[in-house]
Each structure stands twice: as structure tokens, then as C-alpha cells.
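S.K.: What follows is a predicted structure for the sequence shown.
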Amino acid sequence: MPKISVIMGVYNCKSFDALEASVTSIINQTFNDWEFIICNDGSTNETLEVLKNIEEKDGRIKVITYKKNQGLAYALNECIKVSAGDFIARQDDDDVSDIHRFEKEMKYFESHPDISIVGCTASVFDTNGTWGKFSVPANPKPKDFFWNSPFIHPSVIIKKADLQKAGCYRISKETRRCEDYDLFMTMYSLGMRGHNIQEELYRYCIINGNNKHRPMKYRIDEAKVRYIGYKKMGLLFYGLPYIAKPIIIGLMPQKFFKKVTKKQYA
């Protein structure tokens, strides 16, 4: 039985080269006691065919598929249902993991058995190369959820038992773009804690200069997730000013929004 179950949801993959690079970065991990479960979430392009070809390359890779697109939270939960590992690792289809990522994150779990989540910092890149960095606190506290999620979702490994105690990913209209934020706040509300290794063990893809506003409906959804999460953690009074943050940012002029976003990854 593998130690780690890596999970990925894919829907109409935009770059098959990026997908291949992402999967290869898992195959090349120095910690190799893993299985890789990839959910094709109702893709209508050639994604499934490409995934089937990838599946044939390594016996540890398993592709599951659904005809109808259900969203990332649903896809990840389906991966978890068929997973065999005691730890659940995330990976996105356009990102790249450093070859030592699993080894270093698992070593932290070994020396800190009270921890439920281990992630890391990341470099930010696009087709032109690395252009920024994604910083997150080493030891996130509940108040660190006020501004943004203090974890880079696809960089984390989570104890499966603790993930299940939290109910896995909540499938709801308001979590369709922030299922990770919702999950981590739920875990913290249950007394679980996490750590971020202060090394860039993950390469996070964001197209530089193409930072666009998310539709307002998703920003309203995030505000709802913040309200629910802060309330669960007993931080609603102090968190009230931050609930409207995604809506306020969504009202910014595009030029100013791009500057703020770029500064975030400086």
C-alpha cells in the first residue's frame, strides 16, 4: 500500500505539454512510495486520451473519468475515495514539483506528528520563465486566514485521516473557486494545524501580465466562504472587515488590480 496518494483534477487541459511536465515532476520524486490518481472531470477535448497515454507510462498512475463536469472539489473527493495512502498530496496540471518536495514534506511529518498539513513556498512562472515568488507563513495561525489562505493548495500534503475528519472538500456553489480555503479553515476550526517549509519546492504557474478579475459571482462566493470559515474558527468579530475583501478588490480598476497582484508575488 502506498504511503502517499497524489490527487489531481483535470478539466479541458489547456496545455498537454504542461500536463506532461507536471506528471513527470511526480514520477521523478526522490520519495517514490506513492500512487497518482488523476480525475478527468468531464473534459470535452483530447484530455482523456492524453491522460490514458500518461497512465500507460507508470503503473502507479490511475485515471478515473466522469462524463459530466462536476468541479474540482468533486473531482478531488472522488480521487480520495479510491486512494490507498495515509497521506494525500495535491498537484495541479500546469505546475511542477521540485524532485525533493515529497521527501522534505514527509520528513517534516515524521518529526512533527501533531501536524496535519505540510506545504511549502513556491516560485511563480509562465512560458517565459520564473517571474515571482509565492510566500506563505511557516506556521500559519488562525488569524493568517484573514487576508488569504496561508497555504498554497497544490503544494500541500495532508494526513488522510484528518482530511476525512474535516469532511474532505465541501461541495457547494460558494466553494467552486475556493474549496481549499474552505477546507483549511474547517481543519483549523477542529484544532488541526499546518506548516509551510520555507523552501520553494513548488513551481506555481501564473501568466505574468494576464492577471484578470475573477467574475464578481465568484468573489461573492468567496465572501460567503470567509464568513462561514471565520465563524467556525471563532474569529467572526475580528474577521468582519476581511469578509468583503474579495468584493472590494474586484471593484478595483484593472490597471491597479494588476499592480496589486504583481506586488503579491514580488
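M.R.: Good, I have the coordinates. Predicted model only: the values in this text are computed from it and were never measured.
S.K.: how about the nearest residue to the residue most central in space within the chain, chain neighbours excluded?
M.R.: Centroid-nearest residue in the chain: residue 153, 2.4 Å away (criterion: CA atoms, centre = their mean). Using CB to CB, 6 or more residues apart in numbering and skipping residues adjacent in sequence, the residue nearest residue 153 is residue 180, 3.7 Å away. All C-beta spots, glycine's among them, are computed from the backbone N, C-alpha and C.
S.K.: With residue 205 instead?
M.R.: Nearest non-adjacent residue to residue 205 (CB to CB, 6+ apart): residue 94, at 4.4 Å.
S.K.: is it true that that neighbour touches residue 204?
M.R.: No: in this structure, residue 94 is not within contact of residue 204 by CB atoms under 8 Å, at 9.0 Å.
S.K.: Looking at the biggest helix by length in the chain now, give me its mean pLDDT.
M.R.: Longest helix in the chain by number of residues (criterion: DSSP state H): helix 216-232. Helix 216-232 shows a mean pLDDT of 96 in the predicted model.
S.K.: buried residues in the following helix or strand past that helix?
M.R.: Next in sequence after helix 216-232, counting helices and strands by DSSP states H and E, comes helix 236-243. With burial defined by 16 or more other CB atoms under 10 Å, the residues of helix 236-243 counted as buried are 239, 242-243.
S.K.: distance of residue 196 from residue 169?
M.R.: Distance, residue 196 to residue 169, by CB to CB, to the nearest Å: 20 Å.
S.K.: And the strands in the stretch 51-200 of the chain?
M.R.: Taking DSSP state E, counting those that start in this stretch to define them, one finds strands in the stretch 51-200 of the chain at 61-66, 87-90, 96-97, 117-126, 129-134, 157-159, 194-205.
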